[in-house]
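[1] Let's see this in three dimensions:
(one chain, ligands or ions: 1)
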Amino acid sequence: MRSPIPDFLDETLERHRHDRSGAMADYIPDLAAADPNKLAISISTLDGVLYDSGDSDFEFSIQSMSKPFIYGIALEALGIPAVLDKVGVEPTGEAFNELSLDKTSGKPLNPMINAGAITIHSLLGGQNATLAERTEIVRAGLSRFAGRQLRVDEHIAAGEWQQAYRNIAIANMLRSYDVITDDPDEVVQGYINQCSVLVSVRDLAMMAATLAGGGVNPITGERVLSPRVNRQVLGVMMTCGMYDAAGDWMTEVGVPAKSGVSGGLFGVLPGQVGIATYSPKLDKHGTSVRGAKIFRSLSADLGLHIMNAPEPARSIIRRDRRFVDAKGDMVRIVSLQGLIQWSGAENVMREIASPDDAIDVFALDLRRVYSINEVARRMIVEALRRLGEEGKQVVLLDPENSMGCSGPASALPGVEILESPKQLRNLDLRGLRRVRDDFADQVS
Ligand SMILES: NC(=O)CC[C@H](N)C(=O)O
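    Just a heads-up that it's a prediction; the model follows:
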C-alpha cells in the first residue's frame, strides 16, 4: 500500500497554490529577489520519518525561526535564571522589530522579538566572545537540531547588514540601557549571521520534531535540550512566537509556531510531530500567507489544535478482583492498563483508598500499563506505602519495571516486587497462589 499521507500533503499544497496574496520581504535584498512561487511542506514524526511535498529541498534563510532554538542554546549554556534576568517571557502585542523595552524591568519583553533575540545572541559564548565564535555557536547549535551540518549564507547576511538600520537602532538602545554590553554593531552582525543560516523545510521539520520530542533529535538521537529548557522554549513560542498575531494564531491554529521573513514557518505539536512550510509572500505581521493558511487547514484536517481536550481516557482500571485464598486471606488484585498520569493515578487512589477494606493482600498488576509519568508513579508509591502501613501485604506485578522500583534502590520497602517468573519461584508467597499463577501464566 502507498501511504495516503504524501497524497494528502500534495492535495493540501494544491489547494493553496493559487493564492498569490502578500508581499515579499523588501528590506533584505536576497529575500526581495526570491521566487514567490516556491511552495513546500514537510512533516517529521518523532521516530524520524519525513513526509514532504513541493520544493522541499529548496534552501532559504532561517531568519526569525532561529530565535527559539538559539534561546534554547542560551538557556542550556547559562541556566534559566541567568537568561530570565536579561530577557522576559511576556508577549508584546507589537511587531517583531519594534524598538521595545519593558519600562519597569528595563529588559526586552521576550526572546522572539528582535530586541530579545539580539540580547540572547549577545549572551552566546560569554562576554567578549568574538563575532566568529558566536556565529559558530549558532551554526553548530542549529545543526544539532537539524541533524546535519548547516551553513551561513554570507551573501544574504551581507545584504541584510547593508540595510540593518532598525536592528542597529535596537542594539544601540539595548547598549544604552546596558542590556547588552558588547559592541552593538558586532552583536547585530552576529545576529544577522544567525538569521542567514540556510535550511529547507525538511531541516525545519526535523528541528521542530526535536522540540516536539522534548529536546531529542529523532534521527541522531542526540539530546539537544533538557526537558525543562525544551518546555521553556515551547512555552515562549506558544505565547510570543507569532508576535502581534499570537492570540489569533493560538485560538485558530493552536500549534506553537515560529515564522520568519524568508517565508518559512514551523510548528511543534509536543509529543506528536514537527511541521514546516515555505512560501515567500508575507502578511503584515511578516508571516508567510500561504504557510499560515496551510497550517490552518492542517490543524483542522488533522485535529492538531493543542487545546482540543482529549476524549476522557478509558478507565485505567482493567480488572478489580477479590477472592479468599487457600489460607483464608482476602486477596485483592487491581489490574491497570494504558497511560497513567495524574488523573489516572487519582482514579486508582480513589479506588483503593478505603481504610476499612477488609483485605489482607493487595496486588497491583501493571503488566498492561505502557507508560506512567513521574507524578503518577509517586502517587502510586505513596498509596502502596500506606496500604503496607495498614498491615496489608502488598505485591506489585511489574515485569517491565515501569514503576522503576526494582533493583537495589527500591523505592518501595516492604513491597514485594515481582519481575520475572524465576523470581516468583523463590518468593515466599504466603498463600498467594492465584496471584502467582495468574502472573506466571502471562509471563513467558
Ligand atoms: N521576522 C524575521 O524573520 C526577522 C528576521 C530579520 N533578520 C530581522 O531581524 O529583521
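
[2] all contacts plus neighbour counts: C-alpha atoms, from now on.
    Noted.

[3] Tell me the spatial nearest neighbour of the residue of the stretch 1-150 of the chain found nearest the ligand, not counting adjacent residues.
    With C-alpha to the nearest ligand atom, the shortest gap between the stretch 1-150 of the chain and the ligand falls at Ser64, namely 3.6 Å. Spatially, and ignoring its direct neighbours in sequence, Ser64 is nearest to Gly260 (4.6 Å; C-alpha to C-alpha, 6 or more residues apart in numbering).

[4] Can you name the residues that contact the one you found?
    Taking C-alpha atoms under 8 Å, 6 or more residues apart in numbering, we find Gly260 in contact with 62-65, 286-288.

[5] Filter those down to the ones in strands?
    Using DSSP state E, no member of the contacts of Gly260 sits in strands.

[6] Reformat these as JSON lines; add neighbour count.
    Converted to JSON lines, these look like this (neighbours: other C-alpha atoms under 10 Å):
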{"residue": "Ile62", "neighbour count": "27"}
{"residue": "Gln63", "neighbour count": "22"}
{"residue": "Ser64", "neighbour count": "27"}
{"residue": "Met65", "neighbour count": "24"}
{"residue": "Gly286", "neighbour count": "23"}
{"residue": "Thr287", "neighbour count": "26"}
{"residue": "Ser288", "neighbour count": "28"}
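
[7] Kindly provide the distance from Pro304 to Ile275.
    One thing to correct before we go on: residue 304 is Leu, not Pro. Using C-alpha to C-alpha, to the nearest Å, Leu304 is found at 11 Å from Ile275.

[8] and what of Leu84?
    In this view, Leu84 and Ile275 are 28 Å apart by C-alpha to C-alpha.

[9] Looking at those two, which is more packed in?
    Ile275 (30 against 14; other C-alpha atoms under 10 Å).

[10] I'd like the secondary structure assignment at that one, please.
    What DSSP: H, G, I helix; E, B strand; the rest coil gives for Ile275 is strand.

[11] and it, what is it in contact with?
    Per C-alpha under 8 Å, 6+ apart, neighbours of Ile275: 41-44, 204-205, 208-209, 266-268.

[12] Quick check, the residue in the stretch 201-350 of the chain closest to the ligand?
    Relative to the ligand, the nearest point of the stretch 201-350 of the chain is Gly260 (3.4 Å; C-alpha to the nearest ligand atom).

[13] Now do the same for that residue: its pLDDT.
    On the pLDDT scale, Gly260 is placed at 97.

[14] Buried residues of stretch 112-126, list them for me.
    112-125 (16 or more other C-alpha atoms under 10 Å).

[15] Return the closest of these with respect to Gly141.
    Each of the buried residues of stretch 112-126 was scored against Gly141 by C-alpha to C-alpha, and Leu124 proved nearest at 10.8 Å.

[16] The closest one touches Arg139, doesn't it?
    No. Leu124 is beyond contact range of Arg139, at 11.9 Å (criterion: C-alpha atoms under 8 Å).

[17] Need the contacts of Gly260 in TSV (columns: pLDDT and distance to Leu336).
    Shown next, in TSV, are the contacts of Gly260 (pLDDT from 0 to 100; distance: C-alpha to C-alpha, whole Å):
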residue	pLDDT	distance to Leu336
Ile62	98	46
Gln63	98	48
Ser64	97	46
Met65	98	43
Gly286	94	50
Thr287	96	47
Ser288	97	47
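
[18] if we can go back for a sec, ok, now which ones touch the residue of the stretch 1-150 of the chain closest to the ligand?
    Contacts of Ser64 (C-alpha under 8 Å, 6+ apart): 112, 195, 258-261.

[19] cool, Gly106 as well?
    177, 179.

[20] so what's the residue of the stretch 101-250 of the chain found nearest the ligand closest to, chain neighbours aside?
    The ligand sits closest to Cys195 of the stretch 101-250 of the chain, with a gap of 5.1 Å, by C-alpha to the nearest ligand atom. Spatial nearest neighbour of Cys195, excluding adjacent residues (C-alpha to C-alpha, 6+ apart): Gln63 at 3.8 Å.
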